[in-house]
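Peer 1: quick check, what structure comes out for this input:
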Amino acid sequence: MTQTKPPSRSSLDRFSPINLKPIQDDAWSSIFKPPPNESVEEKRDRIARQQEAQRVSREIDEGILESKKLFDKKKKAIKVLLLGQAESGKSTMLRNFQLAFCPTYFHGEALIWKTIIQLNLIGSVKKLLSIVEDELEISGPRSRSPTGSSSSLSDHHRRTRMRLLPLLSMETNLTRQLLPEHYDPSRTPEICVRAGSGWKTVLEKVTLERRVHPPGQRRQITGDGRSKDDPTLVLAASKNDIISLWEDEIVRQVLKRRGVRLEDSPGFFLTDTARIATVDYEPTEEDIVRARLRTFGVEEHRFLQDNGSEWYIYDVGGSRSMRPQWVPYFDDVQAIIFLAPLSFNQVLEEDRQVNRLEDSIYLWKEVCSNPLLARANIILFLNKMDILQKTLAAGIKVATYVPSYGNTPNDVENVTKYFKEKFRAYHKRLSPRPRTFFCHETSAIDTKATQAVLAGVRDGILRHHLEELNVI
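Peer 2: Numbering: from 1, shown residues only. Sure, this is the predicted structure:
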């Protein structure tokens, strides 16, 4: 009789259920297994801990699932970057986009922008008073001359300046609230906010007049229910002095002699003082679009179009220190709207040795050649055409700042054509793959013309997006 050998165990048999560790030896189970001699109260606490752990686990799973849904949805949305140097008009163009395609949202923020406009006006007054102060110090005793020389300021200007000083302290206080981190008025000459800092909430507290505040909430308000930070009343009381100083012939001569053109600066409202410096002022659409607000960081804006398409527009800071923040937003972007004002006679605020237009062309070359943007449409806006017209009308020669311009006629048509061809040539030569050159001449403060351009741009971007998705 042959003795049968027990079958040899295969390598798989070693991992069969009979060879696994008992369930009680599992690390996770040991955490929740009942301890020896568990009391009723201990059992209740243990079960409560298990239920809480399961609840947290479900929340985490649901959060991951929701995040994935949002990510997938966002991947299908249209993403547009607004690029350009500081003061190129990106935020103004964004507000034009809001006005054209999301008018309810645009008008819902009118009160917030009212305060920004008032601060813009006070900012221009501040620049004007600084020049007046410098001139008074230079003129010295002559300013008190009874003859009232037409070439120097007088005690009248000194007294006007003194009456307007309260406006400056109000501006400093409000600006400090908008940008509380390391605020330094000497280094921050204009209104600045940090993206995502809740600056709109700060302005809502200022602008929502006669609000009913919750019990126990203390806020300093004026006799008519306004916030103490609301500049409306102080501006209205200063209206005549502001108009008088701005229209003063001697002050105008001083500005001309110093080569200062406040009217060319963004957020300029001095010529609208009679309308804005009133108690019942309400900003117009054009006022809101023209308002100047400098943003640090990147702001994301979501738009839902009537046709159901979802858009994300990213407004990124254009100063040199903020440009490294652009790159993370290059991934999967469908279009870039690049704003390049033809400011051939201006320099960068952060580097007075760099010409603004040269810097725009340098940025354009960098964007066109970036491989991450090879599939994106790049749309050039030669912005602030109104400023270019005024500059050329003042007799300022392009060849003085751009020697290669030579003897070409110094008019808007030829100047625009010359620089457009420069941008076109770099676009063609530096793009990683062939793409169409799109260029529009815009003045962002001309809302109707700009909205017409944006409508065409929007349709073009949407068509390109659908082609990429193989929908058309």
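
Peer 1: shaky segments in this structure?
Peer 2: 1-33, 68-75, 140-151, 180-189, 207-226, 306-307, 465-472 (pLDDT under 70).

Peer 1: closest to the centroid, which residue in it?
Peer 2: Thr295 (4.4 Å; C-alpha atoms, centre = their mean).

Peer 1: wait, a strand at it?
Peer 2: Yes: with DSSP: H, G, I helix; E, B strand; the rest coil as the criterion, Thr295 is part of a strand.

Peer 1: correct me if wrong: it contacts Gly196.
Peer 2: No: counting by C-beta atoms under 8 Å, Thr295 stays clear of Gly196, with 10.0 Å between them. C-betas here are computed from N, CA, C, even on glycine.

Peer 1: what's near enough to touch the closest residue to Asn370 other than its chain neighbours?
Peer 2: In this structure, Asn370 finds its nearest non-sequential neighbour in Phe330, 6.6 Å apart by C-beta to C-beta, 6 or more residues apart in numbering. In this structure, Phe330 makes contact with 81, 370, 372-373, 376, judged by C-beta atoms under 8 Å, 6 or more residues apart in numbering.

Peer 1: ok, Val327 to Phe296 distance?
Peer 2: 17 Å (C-beta to C-beta, to the nearest Å).

Peer 1: which one of those two is surrounded by more residues?
Peer 2: Taking neighbours as other C-beta atoms under 10 Å, Val327 and Phe296 compare with Phe296 leading, 18 against 10.

Peer 1: that one: what's its closest spatial neighbour, skipping adjacent residues?
Peer 2: Sequence neighbours aside, Arg194 is the residue nearest to Phe296 in space, at 4.7 Å (criterion: C-beta to C-beta, 6+ apart).

Peer 1: how close does the one you found sit to Met322?
Peer 2: Spatial separation of Arg194 from Met322 under the definition C-beta to C-beta is 11 Å.

Peer 1: any common contacting residues for the two?
Peer 2: Contacts common to Arg194 and Met322, judged by C-beta under 8 Å, 6+ apart, are 296-297.

Peer 1: looking at the chain, which helix is longest?
Peer 2: helix 40-76 (DSSP state H).

Peer 1: so which elements touch whichever helix or strand comes after that helix?
Peer 2: As assigned by DSSP states H and E, the chain's next helix or strand after helix 40-76 is strand 78-83. Secondary-structure packing of strand 78-83 (3 or more C-beta pairs under 8 Å, 6 or more residues apart in numbering; DSSP states H and E): helix 90-101, strand 310-316, strand 335-339, helix 447-468.

Peer 1: buried residues in strand 78-83?
Peer 2: Buried residues in strand 78-83, defined by neighbour count with 16 or more other C-beta atoms under 10 Å: 78-83.

Peer 1: still on that earlier bit, next, the contact list for the residue nearest to the centre of the chain, please.
Peer 2: With C-beta under 8 Å, 6+ apart, Thr295 has these contacts: 91, 192-195, 315, 317.

Peer 1: what do you get if the cut-off is 6 Å, keeping everything else the same?
Peer 2: Counting by C-beta atoms under 6 Å, 6 or more residues apart in numbering, Thr295 touches 193, 195, 317.

Peer 1: wait, which of those is closest to Leu363?
Peer 2: Leu363 has its nearest neighbour among those in Gly317, at 12.8 Å by C-beta to C-beta.

Peer 1: count of residues packed around the closest one?
Peer 2: Per other C-beta under 10 Å, the neighbour tally for Gly317 reads 23.

Peer 1: next one: Gln353
Peer 2: 6.

Peer 1: name the element it belongs to?
Peer 2: Gln353 belongs to no helix or strand, assigned by DSSP H and E.

Peer 1: which non-adjacent residue is nearest it?
Peer 2: Distances taken as C-beta to C-beta, 6+ apart place Val347 nearest to Gln353, at 7.1 Å, with adjacent residues excluded.

Peer 1: measure that neighbour to Pro434 for me?
Peer 2: As defined by C-beta to C-beta, Val347 lies at a distance of 35 Å from Pro434.

Peer 1: which one's more surrounded, the two?
Peer 2: Between Val347 and Pro434, Val347 has the larger neighbour count (other C-beta under 10 Å), namely 16 against 6.

Peer 1: return the distance of that one relative to Leu357.
Peer 2: In this structure, Val347 and Leu357 are 10 Å apart, going by C-beta to C-beta.

Peer 1: just the buried positions in the longest helix of the chain, please.
Peer 2: Buried, per 16+ other C-beta under 10 Å, within helix 40-76: Arg46.

Peer 1: now stretch 407-418
Peer 2: Under the neighbour-count criterion of 16+ other C-beta under 10 Å, stretch 407-418 has 412, 415-416, 418 buried.

Peer 1: how close does Trp326 get to Val333?
Peer 2: Note on Trp326: its distance to Val333, by C-beta to C-beta, is 10 Å.

Peer 1: again, but for Leu168
Peer 2: Note on Leu168: its distance to Val333, by C-beta to C-beta, is 42 Å.

Peer 1: go on, Asn37?
Peer 2: Distance from Asn37 to Val333, by C-beta to C-beta: 64 Å.

Peer 1: got phi/psi on Lys205?
Peer 2: Main-chain dihedrals, Lys205, degrees, to the nearest 10: phi -70, psi -30.

Peer 1: off-centre distance for stretch 302-313?
Peer 2: Put simply, stretch 302-313 sits 19 Å off its chain's centre (C-alpha atoms, centre = their mean, to the nearest Å).

Peer 1: the stretch 351-472 of the chain: helices as residue ranges?
Peer 2: Here the stretch 351-472 of the chain has its helices, by DSSP state H, counting those that start in this stretch, at 356-369, 385-393, 398-401, 412-430, 447-468.

Peer 1: what does the fourth one contact?
Peer 2: If I follow you right, that is helix 412-430. For helix 412-430, contacts defined as C-beta under 6 Å, 6+ apart pick out 342, 364-365, 368-369, 380, 389, 398, 408, 437, 439.

Peer 1: one more pass at 10 Å, please.
Peer 2: Helix 412-430 is contacted by residues 338, 340, 342, 344, 357, 360-362, 364-370, 378, 380, 382, 385, 388-389, 391-393, 398, 402, 404-406, 408-409, 411, 434-439, 441 when judged by C-beta atoms under 10 Å, 6 or more residues apart in numbering.

Peer 1: now list the buried members of these.
Peer 2: Buried by 16+ other C-beta under 10 Å: 338, 340, 342, 344, 357, 360-361, 364, 367-368, 370, 378, 380, 382, 385, 388, 391-392, 398, 402, 405, 435, 437-439, 441, out of the contacts of helix 412-430.

Peer 1: great, nothing more from me.
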